[in-house]
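*Asks:* Here is a sequence with its predicted model. Questions after.
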Amino acid sequence: MLKNILAAIVGYIAMAAVLFALFSLLWLTVGPSRAFEPGSWEVPGGWVLVQLVLGLVGAYIGGQVCARVARDAGGATMLIGLVIVLGVVNALIPPEVAAGPRPDDVSMMEATAGARQPAWFNWLNPLIGVVGVWFGTRKLRSRSGKAR
């Protein structure tokens, strides 16, 4: 049980680290001019699509890490539960609304705090995370199924 809890926590930390690295690279590549609508804090559809893909990749890698640490499928189940709970909590928290128009040059941290996602995005994000973790831990779940 303790090993599975540790596996879920380590998997979630790995997922967060991978997502931070991927989004930092993306931000350095495209900058604020293509990450936002002109003069606005609204993100364009292309950015949302890339966020979903990167979220799936990060969740898959987090699932892989969880699978390497866990003893059985309990670690995967715990990580999926963690993704759902934290994702729903995040979706329920009202976003901060940045005041005024977006300046031309903003830092990645300012962009993260001020970005306005479509309302549905925060509800889809946990689902994308669950799918990524599920695929990332597939080998672990098949190993547990064979042991029965």
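*Replies:* Happy to help now that I have it.
*Asks:* Check the secondary structure at the most centrally placed residue in the chain for me.
*Replies:* Here the mean C-alpha position of the chain is nearest to the C-alpha of Gly55 (Cα atoms, centre = their mean), at a distance of 4.3 Å. Secondary structure assignment for Gly55 (DSSP: H, G, I helix; E, B strand; the rest coil): helix.
*Asks:* Return the residues in contact with the residue nearest to it when sequence neighbours are not counted.
*Replies:* Once flanking residues are discounted, Gly55 sits nearest to Ile128: 4.7 Å by Cβ to Cβ, 6 or more residues apart in numbering. Every C-beta, even on glycine, is put in place using the N, C-alpha and C of the backbone. Counting by Cβ atoms under 8 Å, 6 or more residues apart in numbering, Ile128 touches 52, 55-56, 59.
*Asks:* pull the CA atoms of the helix or strand containing Ile128 into CSV?
*Replies:* In this assignment (DSSP states H and E), Ile128 forms part of helix 121-136. The C-alpha trace of helix 121-136 is given here as CSV (Å, rounded to 0.1, in the frame of the first residue of the first chain):
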residue,chain,number,x,y,z
PHE,A,121,-10.8,23.3,-21.0
ASN,A,122,-10.4,23.1,-17.3
TRP,A,123,-13.0,20.2,-17.2
LEU,A,124,-11.4,18.4,-20.1
ASN,A,125,-7.9,18.6,-18.7
PRO,A,126,-8.4,16.0,-15.9
LEU,A,127,-9.9,13.6,-18.5
ILE,A,128,-6.8,14.0,-20.7
GLY,A,129,-4.7,13.4,-17.6
VAL,A,130,-6.6,10.2,-16.8
VAL,A,131,-6.3,8.9,-20.4
GLY,A,132,-2.5,9.6,-20.4
VAL,A,133,-1.9,7.9,-17.0
TRP,A,134,-4.0,5.0,-18.0
PHE,A,135,-2.0,4.4,-21.2
GLY,A,136,1.3,5.0,-19.3
